[in-house]
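Chemist: What shape does this take:
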Amino acid sequence: MYISNNCGYCPYMKNFVREDTEASEEEDSTVETNADPNSTLCEQFASILKGKVTESKPGSCAVEKDRGNLNVTISGIPVKTVLKGEFSFQGMNAVGRALNLGEIVVLQDELNRFLTALKRNGIDISGVHNHWIYDNPRILYVHFQSVENPLNFARKVAEALRVLK
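Modeler: Below you'll find the model as predicted:
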């Protein structure tokens, strides 16, 4: 990870910590969504990601998305319970920026397209790894993050999710 010499914190936090930046307010005030205007921010986040809310608290939210459509075996046994994605936001600041996190299982042959879509949308990839051995087909877990308005993050991730089977 790169840490800038002129600040004492991670560069990802620069726009999050500086709440007085006009650019941040302009960027994050232009959130468009087709979600119900009466729904909570967490419900809108889940709706964009086509997932379900698993936890909702003031300023934070967790959403799960099932990938049970994948036919995967581990040690020859069909599995469904570990084939999912998890997305969250927390630490919302005064201008609507939050730490957004995601993790999702992908097939090995989906990996490059998915990573490309995330990077194209400015989402930072923080990890790619396997969880299991003897899986067929090979599955990997991708971790990613950003600091921005949660609905912007959700729209960007939803676009990337469209490359998955």
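
Chemist: Give me the longest helix you can find in this structure.
Modeler: Longest helix in the chain, counting residues (DSSP state H): helix 150-161.

Chemist: Tell me which residues touch A46, please.
Modeler: A46 sits next to K52, V53, C61, V63 when contact means CB atoms under 8 Å, 6 or more residues apart in numbering. Glycine gets a C-beta too; all of them are placed from N, C-alpha and C.

Chemist: Shouldn't it be within a strand?
Modeler: No - when classified by DSSP: H, G, I helix; E, B strand; the rest coil, A46 is found to be helix rather than part of a strand.

Chemist: Which pLDDT value belongs to it?
Modeler: Note for A46: predicted pLDDT of 98.

Chemist: And the helices in the protein?
Modeler: All helices of the chain, identified by DSSP H, fall at 14-17, 22-28, 41-49, 111-120, 150-161.

Chemist: Any idea which of those gets closest to I139?
Modeler: Closest to I139 of the helices of the chain, according to CB to CB: helix 111-120, at 9.7 Å.

Chemist: Just the buried positions in the longest helix of the chain, please.
Modeler: Neighbour counts over helix 150-161 (16 or more other CB atoms under 10 Å) mark P150, L151, N152, F153, A154, R155, K156, V157, A158, A160, L161 as buried.

Chemist: hey, C-alpha coordinates of it in CSV?
Modeler: Provided in CSV are the C-alpha atoms of helix 150-161 (Å, rounded to 0.1, in the frame of the first residue of the first chain):
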residue,chain,number,x,y,z
PRO,A,150,-22.7,4.1,-0.7
LEU,A,151,-25.2,4.3,-3.5
ASN,A,152,-22.5,5.3,-6.0
PHE,A,153,-20.4,2.3,-4.8
ALA,A,154,-23.5,0.0,-5.2
ARG,A,155,-24.2,1.2,-8.7
LYS,A,156,-20.5,0.6,-9.7
VAL,A,157,-20.4,-2.8,-8.1
ALA,A,158,-23.8,-3.8,-9.7
GLU,A,159,-22.3,-2.9,-13.1
ALA,A,160,-19.3,-5.2,-12.4
LEU,A,161,-21.6,-8.0,-11.2
